[in-house]
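Visitor: Build me a structure from this.
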Amino acid sequence: MAALDPFLSVLVSSRADALRLASGETAVLEQQGRRRPITKQQFTRAQLIALLKEIAPAEDMRQLARGERVAFRYTGGDAAYRAEAGDAEGMLEVRITPESTPVTPPTDSVTSNGNREPARMSVEHELAARAGMETLLHMLVEQGASDLHLRVGEPPLLRADGEMRRIEGQAPLTNEHLEAMLTSIMPEKNRGEFSELADTDFAYEIAGVARFRANALRERKGAAAVFRVIPANLLTVDDLSVSDEVRKLCYLTKGLVLVTGPTGSGKSTTLCSLIDLVNRERNDHVITIEDPIEFVHENKSCIITQRQVGVHTKSFKHALRAALREDPDIILVGELRDLETVSIAIETAETGHLVFGTLHTTTAASTVDRVIDQFPADRQDQIRQMLAESLKGVISQTLCKKIGGGRVAAREILLTNPAISNLIREGKTFQIPSIMQTSRRLGMVTLNDALLELVDSGQVEPKEAYTKAVDKPGILAALKNRGKEVSFGESVVVGK
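Guide: So this is what the prediction gives:
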């Protein structure tokens with residue numbers, strides 16, 4: 001095998017237009033007018049000559065030595081390439097373009113008992129598959145999208161501003177190629193999990209670009225995956241326009257603060273900004289328990305301990321129990337998934353720690369109900385009492401399409417005061433929205449008010465606000481009172 005073959009595998013796997021090598025420079029892939037480095041080390045002229053000697057005819061090497069440009073065809077592995085080489089502006093330059101596509105790498109095998117075994121890829125195939133995956137992740141970041149979707153039989157798709165679109169110029173993915181790309185970037189633990197359970201969650205990082213939260217799965221047509229961008233630079237509370245009242249929650253010494261919303265609503269980003277504020281303004285020990293670790297927090301004024309479920313700890317509940325023996329001041333629980341985790345979180349918040357957590361609920365009132373309803377009926381009165389004392393705030397958010405592009409968060413904010421605590425204690429959570437409406441001076445905001453504020457400031461169209469609202473008749477009436485066109489919603493309301 002020629003020393004250049006691994007680079008050529010990367011070229012084909014990435015579906016790039018050309019591989020360019022030049023003396024005094026790193027190797028780069030050329031794709032749709034862009035250049036992406038694939039090595040850190042620069043090549044010397046002698047190194048390029050040595051590489052060319054392995055693939056170029058002897059007569060071409062003699063012409064090259066005389067200062068002439070050469071072009072030749074090379075077949076390596078299962079693909080053919082056209083190579084051009086010669087001096088340009090004092091440097092030796094080599095440009096290689098593919099003529100055909102290689103055979104795809106091997107896929108998982110099935111043992112006699114029906115279990116899947118991960119395929120053993122060669123180093124060259126793994127290098128090529130990883131480079132192809134990283135090329136797509138670069139595109140995800142460069143095009144300002146939030147998610148990359150990979151499916152068999154489809155070209156890669158991006159979600160940008162909430163809309164799905166196919167990446168132009170990309171061929172439909174085969175199952176073999178997609179499985180190879182996914183396996184090439186998975187930690188060993190996740191490879192086994194993917195083979196046995198047919199889905200797995202993990203994080204992947206490209207230094208200087210971004211971290212990515214990934215879910216790989218198998219479906220009817222074969223492998224599939226979704227990658228979510230986690231920006232390399234942490235967004236601050238100023239970047240996200242987090243209100244002063246919410247920021248004050250970060251200075252509490254104990255209590256439970258929940259950030260809620262549907263999948264993809266920016267919960268993790270908001271939580272990250274709150275932990276960053278704590279990290280800058282307090283001198284404490286912060287423990288985060290996540291699956292997987294998304295935003296990476298470097299120590300500033302605080303000491304940050306970040307643990308990943310399945311890697312650094314067995315489960316959320318196990319890590320949360322252990323955290324109490326690790327001298328924490330603040331604990332972030334990435335997801336309150338089960339009754340035991342919720343129970344420990346509430347007890348921890350009651351006993352002198354500040355606990356941040358997330359839930360997949362759409363409103364503040366439904367968040368309180370969701371927490372209580374997880375418990376058996378004979379424990380619910382006790383949990384109401386505990387929650388009435390420990391809950392300090394709920395931030396429920398949803399993302400709206402901005403006029404002109406991009407997205408903005410509409411946040412419903414519940415801050416616990418004596419009136420709210422009494423409603424929780426007495427099981428009258430249905431009255432919480434009324435208290436919120438009359439407590440705006442305290443910083444409380446209903447979802448409808450948050451959406452209307454975005455409409456009034458010209459950031460969001462009335463129809464988008466109506467779509468995201470939970471109380472649709474209420475927001476429709478408010479929009480109508482503001483003189484907005486509301487024909488998009490009137491027929492729905494009348495139909496009810």
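
Visitor: Are we agreed that Ala477 is in a helix?
Guide: Yes: assessed with DSSP: H, G, I helix; E, B strand; the rest coil, Ala477 lies in a helix.

Visitor: Look up how far Met436 lies from it.
Guide: 18 Å (CB to CB, to the nearest Å). The way it works is simple: take the backbone N, C-alpha and C, and place the C-beta from them, glycine included.

Visitor: The two - which one has more neighbours?
Guide: Met436 (24 against 15; other CB atoms under 10 Å).

Visitor: Which helix or strand contains the more buried one?
Guide: Assessed by DSSP states H and E, Met436 sits inside helix 432-437.

Visitor: hmm, who's touching that helix?
Guide: By CB atoms under 8 Å, 6 or more residues apart in numbering, the residues outside helix 432-437 that reach it are 363-365, 368, 412, 414, 419-420, 423, 444-446, 449.

Visitor: Over to stretch 444-460?
Guide: Under CB under 8 Å, 6+ apart, the answer for stretch 444-460 is 243, 245, 362-363, 396, 398, 400-403, 408, 410-415, 433, 435-437, 440, 461-462, 465, 468-471, 474-475, 478-479, 482, 484.

Visitor: These in helices, which ones?
Guide: 245, 433, 435-437, 462, 465, 468, 474-475, 478-479 (DSSP state H).

Visitor: burial of the residue lying closest to Gly86 once chain neighbours are set aside, as a residue count?
Guide: Excluding its sequence neighbours, the residue lying closest to Gly86 (CB to CB, 6 or more residues apart in numbering) is Arg69, at 3.1 Å. Using other CB under 10 Å, Arg69 has 13 neighbouring residues.

Visitor: now do Leu48
Guide: Considering only other CB under 10 Å, Leu48 is surrounded by 20 other residues.

Visitor: who's in contact with it?
Guide: Residues near Leu48 by CB under 8 Å, 6+ apart: 21-23, 85, 92, 94.

Visitor: Just the buried ones from those, in ChimeraX syntax?
Guide: Restricted to buried positions by 16 or more other CB atoms under 10 Å, the ChimeraX selection for the contacts of Leu48 reads:
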select :21,22,23,85,92,94
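
Visitor: out of the contacts of Leu48, who's nearest Arg36?
Guide: Minimum distance to Arg36 across these is 13.7 Å, recorded for Leu21 (CB to CB).

Visitor: OK, contacts around the closest one?
Guide: For Leu21, the contacting residues are 7, 27, 43, 48, 51, 93-96, by CB under 8 Å, 6+ apart.

Visitor: let's see it at 7 Å
Guide: By CB atoms under 7 Å, 6 or more residues apart in numbering, the residues touching Leu21 are 27, 43, 48, 94.

Visitor: ok, those residues vs Arg379, which is closest?
Guide: For the contacts of Leu21, the nearest to Arg379 is Ala27 (62.2 Å; CB to CB).

Visitor: you'd agree the closest one is up against Leu8?
Guide: No: the criterion here is CB atoms under 7 Å, and Ala27 misses it with Leu8 at 10.9 Å.

Visitor: What is the neighbour count of Met386?
Guide: As a burial measure, Met386 scores 21 neighbours (other CB under 10 Å).

Visitor: And the one 5 residues further on, by the same measure?
Guide: A count of neighbours around Leu391, defined by other CB under 10 Å, yields 24.

Visitor: and it, how far is that from Asn279?
Guide: 23 Å.

Visitor: what's the spacing between Ser14 and Thr39?
Guide: Here the criterion is CB to CB. By it, Ser14 lies 14 Å from Thr39.

Visitor: which of these two has more neighbours?
Guide: Legend: neighbour count by other CB under 10 Å for Ser14 and Thr39, higher for Ser14 (23 against 13).

Visitor: Leu127 versus that one, what's the distance?
Guide: Plainly put, Ser14 is 11 Å away from Leu127 if you go by CB to CB.
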